[in-house]
Every structure is written in structure tokens, then in C-alpha cells.
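1. need a structure here:
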Amino acid sequence: MSRTVLLASASVARFELLSSAGIHPVVQVSNVDEDAIMAANPELGTAEMCQLLAAAKGEAVTADVSATQARDLLIIAADSMLEFDG
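-> Numbering: from 1, shown residues only. Sure thing, here's the model as predicted:
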């Protein structure tokens, strides 16, 4: 039995990376307000903020899966940031 992979991201690069590895995910964008999360957590460093944003995206999609009827899901949520001169 195979599991449906649900990518909680609008990232074309993430989709292509998974596809090139033979994984063909269903995509559901989380619509998380990243700016609000960052504004509410200014004390976090880059790595911690990425973790928080990825968790928020995964939790949002998990709470309201609408892109597939499958229920045996592997949900992948991620975020990335560039830190320069920090």
C-alpha cells in the first residue's frame, strides 16, 4: 500500500525536487500569514523562524485537508530563508 504525499507548499522548487526523486505529491497551499507569524516572534533567529513557519504550514494543512480524499497521508511542510551577514 502506498501513501499519498501532500506537499504543504506553493514552492515550485520543492515540487520539482520531489518529482525528480520519483515522488509525485499532491499540493495544498497552507495560506499561513507568514508576515504575521514573523511579526509576532521577532526574537527568533533564522533557523527557529523557519521551523516555526514550517510547523504552522503543516498544522494548517493537516487541520483542513482539501486537496485529496486520501487519508493515509505523508504531509511535507517546509520553509526557507536566507540569512546574510548575520
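2. give the contact list for the residue most central in space within the chain.
-> Nearest to the geometric centre of the chain sits Ala77, at 2.4 Å (C-alpha atoms, centre = their mean). By C-beta atoms under 8 Å, 6 or more residues apart in numbering, the contact set of Ala77 is 8-9, 30, 54-55, 57-58, 61. Where C-beta positions appear, they are placed from N, C-alpha and C, glycine not excepted.
3. helix or strand right after whichever helix in the chain runs longest?
-> The residue-count maximum for a helix in the chain (DSSP state H) belongs to helix 46-63. Following helix 46-63 in sequence order, the next helix or strand is strand 73-76 (DSSP states H and E).
4. List the pairing partners of that following strand within its sheet, with orientation.
-> Under the criterion DSSP bridges, strand 73-76 sits next to strand 4-7 (parallel) in its sheet.
5. quick one: buried residues of whichever helix or strand comes after the partner strand?
-> Using DSSP H and E, the helix or strand that follows strand 4-7 towards the C-terminus is helix 12-20. Buried residues in helix 12-20, counting neighbours by 16 or more other C-beta atoms under 10 Å, are found at 14-15, 18.
6. closest to Glu83 among those residues?
-> Nearest to Glu83 among these: Arg14, at 19.4 Å, using C-beta to C-beta.
7. what residues are up against the closest one?
-> 7, 76, 78.
8. Could you rerun that using 10 Å?
-> By C-beta atoms under 10 Å, 6 or more residues apart in numbering, the contact list for Arg14 reads 7-8, 25, 27, 76-78, 80.
9. likewise Gln69?
-> Gln69 makes contact with Thr4, according to C-beta under 10 Å, 6+ apart.
10. Return the distance of it relative to Pro25.
-> Counting by C-beta to C-beta, to the nearest Å, the separation of Gln69 from Pro25 is 15 Å.
11. Thr46 contacts Met81, doesn't it?
-> Yes - counting by C-beta atoms under 10 Å, Thr46 does reach Met81; the two are 5.1 Å apart.
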